[in-house]
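Engineer: next comes the sequence, and after it the predicted model I'd like to discuss.
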Amino acid sequence: MAVLRLPIEQEDVQLRIWRDPVSAQLVIRGEVDAWNVEAVQQALQDALGQPGDLHLDVSQLLFCDVTGIRAIVAAAAHLCDGCRLVLHGLDPQLQKVFQVVGWDGIPSLVIDANGVKV
């Protein structure tokens, strides 16, 4: 029996990253910190090669330290001209962090928190 593996999939005890086969969004579930941020960076890097906007579902993200936030911002900065990284379901506390440091004003980074605003 063959097992179909999606090209972007990372998993450890506290973090799972995969591409949703229905929505084609990259999904991050669990906790992102300095110990596993390389998996996030690699998944984002792999996804940058796709045409169009990059949609990232972070609604299942339980914790994200500044290294994870920087990885997301760096990915947004490396998108092709006119493309955006769209964050879906960003927690209000993380929205506040993006606002305080001014990263919510980056043109290639869009925060779609499913109607939840700080």
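Structural biologist: Yep, that arrived. Numbering: from 1, shown residues only.

Engineer: C-alpha from now on. contacts and neighbour counts both.
Structural biologist: Fine.

Engineer: what about this protein, any weak spots by pLDDT?
Structural biologist: 1-12, 114-118 (pLDDT under 70).

Engineer: go through this protein and flag its longest strand.
Structural biologist: Of all the segments of type strand in the chain, defined by DSSP state E, the longest one is strand 54-64.

Engineer: which residues sit against that one?
Structural biologist: 24-33, 47-48, 83-91 (Cα atoms under 8 Å, 6 or more residues apart in numbering).

Engineer: pretty sure V86 contacts P107?
Structural biologist: No - V86 is beyond contact range of P107, at 10.7 Å (criterion: Cα atoms under 8 Å).

Engineer: between those two, who's got more neighbours?
Structural biologist: More neighbours surround V86 than the other of V86 and P107, with 20 against 13 (other Cα atoms under 10 Å).

Engineer: who's in contact with that one?
Structural biologist: D53, L54, H55, L56, L109, V110, I111, D112.

Engineer: and these as a markdown table, adding distance to D20 and neighbour count?
Structural biologist: What follows is the contacts of V86, written out as a markdown table (distance: Cα to Cα, whole Å; neighbours: other Cα atoms under 10 Å):
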| residue | distance to D20 | neighbour count |
| --- | --- | --- |
| D53 | 15 | 19 |
| L54 | 12 | 24 |
| H55 | 10 | 20 |
| L56 | 10 | 24 |
| L109 | 20 | 23 |
| V110 | 19 | 17 |
| I111 | 19 | 17 |
| D112 | 17 | 17 |
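
Engineer: which among the contacts of strand 54-64 count as buried?
Structural biologist: With burial judged by 16 or more other Cα atoms under 10 Å, the buried subset of the contacts of strand 54-64 is 25-33, 47-48, 83-91.

Engineer: re earlier: helices - which of the contacts of strand 54-64 land there?
Structural biologist: Among the contacts of strand 54-64, the members found in helices (DSSP state H) are A47.
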